[in-house]
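# quick one: sequence plus predicted model below, questions after.
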Amino acid sequence: MLLLTKILSQIAYPLLMALLLAMVAGILSWRGWRRTGVGLLAIALGWLWLWATPVFSDWLRTGLEQRYPSGRVEDLQVVDAVVVLGGAMEAAAPPERLYPNLGAAVDRVWHAARIYRAGKAPVILVSGGNLPWSNIERPEAEVMAELLEELGIPASAILRESASRTTRDNRDFSLPLLRTHDIRRILLVTSALHLPRALALFQDSDLVVIPAPTDVEVIESSAAHPLRWLPDAQALADSSRAFKEYLGAWVDRSWPVSVVPPTGGR
């Protein structure tokens, strides 16, 4: 089911959708429907141009990131635990990768450590498994826990949920562990772009969930500069990640509630 969902979502992403439209346009032109084919090709190119435009990419991401603005750690409420979601790093994979690979969203782990050191929670739960096609056996939660320990967080203050593969799994697989430790109030740490979808899932439980976003991407910038209206590979990648969040939010609302697995351990 996970693989099928991944394939369907990839087809819906802007780049592959544009390529599929262009392929259909070529087939129509070859079969004699030249005007229809040219029109469809123009739509495909326009669609790709739109998603690859920095101005449009910023607008999409801002719509997600500004729903829950970030704030000072000192102003956060004191809770029972910090829950930090995976998606920020990959485990080592010798002999090619001897050490963990820290992604752009590794701010999540740093922010969780920052909150703990500020005395806002006595426990950090790290949530993240590994995808079956990643060829990496170690779950991300273990790597996140190791980084937290390197940042000075005691191992006794870290809970690990290492089976999740999706944001919904993060919620479903973390709940039994949190309940076992009588945790009812949490600070949810993830990237600002990802927070609206993650928060909606976690709030659909018996937890009191307080957002603690980090890794804010979009800052104020002028849309007047002509280069910001030209296609850019990074803008396309950023837009695709925003599209993933909007699509994921729709899927999460459409799917039934998952079955909660047995409780994990420390």
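Thanks, I have the structure now. Numbering: from 1, shown residues only.
# so, low pLDDT: which residues of the chain?
Along the chain, the parts satisfying pLDDT under 70 run over 1-8, 132-135, 221-223, 254-266.
# how far away is the most centrally placed residue in it from Ala112?
In the chain, the C-alpha nearest the mean C-alpha coordinate belongs to His194, at 4.7 Å (C-alpha atoms, centre = their mean). Separation of His194 from Ala112 (C-beta to C-beta, to the nearest Å) stands at 14 Å. All C-beta spots, glycine's among them, are computed from the backbone N, C-alpha and C.
# again with Glu245
Counting by C-beta to C-beta, the gap from Glu245 to Ala112 is 21 Å.
# next: Ala141.
Ala141 is 12 Å from Ala112, by C-beta to C-beta.
# doesn't Val218 make contact with Arg61?
Yes. Taking contacts as C-beta atoms under 8 Å, Arg61 lies within contact range of Val218: 4.9 Å.
# for this structure, list the residue farthest from the centre, please.
No residue in the chain sits farther from the centre than Gly32, which is 43.9 Å out by C-alpha atoms, centre = their mean.
# just the helices in the stretch 51-200 of the chain please.
Remark: helices assigned in the stretch 51-200 of the chain by DSSP state H, counting those that start in this stretch are 54-65, 107-117, 140-150, 167-180, 195-203.
# strands along the stretch 151-266 of the chain, start to end?
158-161, 185-191, 208-214 (DSSP state E, counting those that start in this stretch).
# and the last one, what does it pack against?
Contact partners of strand 208-214 among helices and strands, from 3 or more C-beta pairs under 8 Å, 6 or more residues apart in numbering; DSSP states H and E: helix 107-117, strand 185-191, helix 195-203.
# buried residues, the shortest one. List them.
Translated: strand 185-191. 186-191 (16 or more other C-beta atoms under 10 Å).
# do the longest one as well
Buried residues in helix 107-117, counting neighbours by 16+ other C-beta under 10 Å, are found at 107-116.
# now do the contacts for Glu142.
Going by C-beta atoms under 8 Å, 6 or more residues apart in numbering, Glu142 touches 91, 160, 162.
# so which elements touch the longest helix along the chain?
Longest helix in the chain, counting residues (DSSP state H): helix 233-254. Judged by 3+ C-beta pairs under 8 Å, 6+ apart, the packing partners of helix 233-254 are helix 2-12, helix 14-30, helix 34-51, helix 54-65, helix 167-180, helix 195-203.
# and the angle from it to strand 185-191?
Using axes from the mean of the first three to the mean of the last three C-alpha atoms, to 10 degrees, one finds that helix 233-254 and strand 185-191 are set 140 degrees apart in direction.
# relative to helix 195-203, how tilted is helix 233-254?
Going by the same axes, to 10 degrees, helix 233-254 is angled at 20 degrees with respect to helix 195-203.
# turn the strands of the stretch 151-266 of the chain into CSV, columns for distance to Pro176.
Listed next are the strands of the stretch 151-266 of the chain as CSV, based on distance: least, C-beta to C-beta, whole Å:
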stretch, distance to Pro176
strand 158-161, 9
strand 185-191, 14
strand 208-214, 16
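# of those, which is nearest Ala237?
Of all these, it is strand 185-191 that lies closest to Ala237, at 14.4 Å by C-beta to C-beta.
# each with direction, which strands does that closest one pair with?
Looking at strand 185-191 with DSSP bridges, its partner strands are strand 81-85 (parallel), strand 208-214 (parallel).
# kindly export the longest one (C-alpha atoms) in CSV.
What follows is strand 208-214 as a C-alpha-only set of coordinates in CSV (Å, rounded to 0.1, in the frame of the first residue of the first chain):
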residue,chain,number,x,y,z
VAL,A,208,-2.8,18.2,24.0
VAL,A,209,-0.5,19.2,21.1
ILE,A,210,1.4,22.5,20.9
PRO,A,211,3.1,23.4,17.7
ALA,A,212,6.8,24.1,17.8
PRO,A,213,7.8,24.7,14.1
THR,A,214,11.4,25.1,12.9
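# before we move on, the earlier item: from the contacts of Glu142, pick the one nearest Val126.
Arg160 (5.8 Å).
# so what's that closest one bridging to?
Val126.
# my guess is it contacts Glu146, does it?
No. Arg160 lies out of contact with Glu146 (C-beta under 8 Å); the separation is 10.4 Å.
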